[in-house]
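Visitor: Predicted model and sequence below, questions to follow.
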Amino acid sequence: MSADTGNAEVERRLIDLETRLAFQEHALLELSDALAASRDEETRTTLLLHRALEELRQLRMAMSSGGPVGNDAASEPPPPHY
């Protein structure tokens, strides 16, 4: 094998490694972005869940205390007429 052939082989392998490295760096950036988006969505979902639970607690307290949402006959719709 001549020196030129050996240099060409080393250069080809170096280009191949640089190409693979660039692809892996790009893939890592995409994964990082996807992970950040997933964490943001999880934060929003958690906040919505906490709000819904708080609303349910307040509704349950209002119903148990006979508040405006309770079993007050005045708040019931009128019966249908036959």
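Guide: The structure has been received and is ready for your questions.

Visitor: Tell me which residue lies nearest the centroid of this structure.
Guide: residue 41 (2.9 Å; CA atoms, centre = their mean).

Visitor: which SSE is that residue in?
Guide: Secondary structure from DSSP states H and E places residue 41 in helix 3-64.

Visitor: quick one: average pLDDT of that helix?
Guide: Helix 3-64 carries an average pLDDT of 96.

Visitor: Just name whatever secondary elements it is in contact with.
Guide: If contacts are counted by 3 or more CB pairs under 8 Å, 6 or more residues apart in numbering; DSSP states H and E, helix 3-64 sits against no helix or strand. In short, each C-beta sits where N, CA and C put it, glycine included.

Visitor: mind listing what the residue nearest to the centre of the chain touches?
Guide: For residue 41, no contacting residues are found, by CB atoms under 8 Å, 6 or more residues apart in numbering.

Visitor: Next: the one 10 residues further on.
Guide: With contacts defined as CB under 8 Å, 6+ apart, residue 51 has no neighbours.

Visitor: any idea how far residue 76 is from it?
Guide: 29 Å (CB to CB, to the nearest Å).

Visitor: what's the answer for residue 12, then?
Guide: In this view, residue 12 and residue 76 are 84 Å apart by CB to CB.

Visitor: ditto for residue 58
Guide: Counting by CB to CB, the gap from residue 58 to residue 76 is 21 Å.

Visitor: just residue 10 next, same as before
Guide: For residue 10, the distance to residue 76 equals 88 Å [CB to CB].

Visitor: Same drill for residue 58 and residue 76, tell me which one is more crowded.
Guide: residue 58 (12 against 8; other CB atoms under 10 Å).

Visitor: Now for residue 54: which residues touch it?
Guide: Counting by CB under 8 Å, 6+ apart, residue 54 touches no other residue.

Visitor: Roughly how far does it sit from residue 61?
Guide: 11 Å.

Visitor: Same check on residue 12?
Guide: Distance of residue 12 to residue 61, given as CB to CB: 74 Å.
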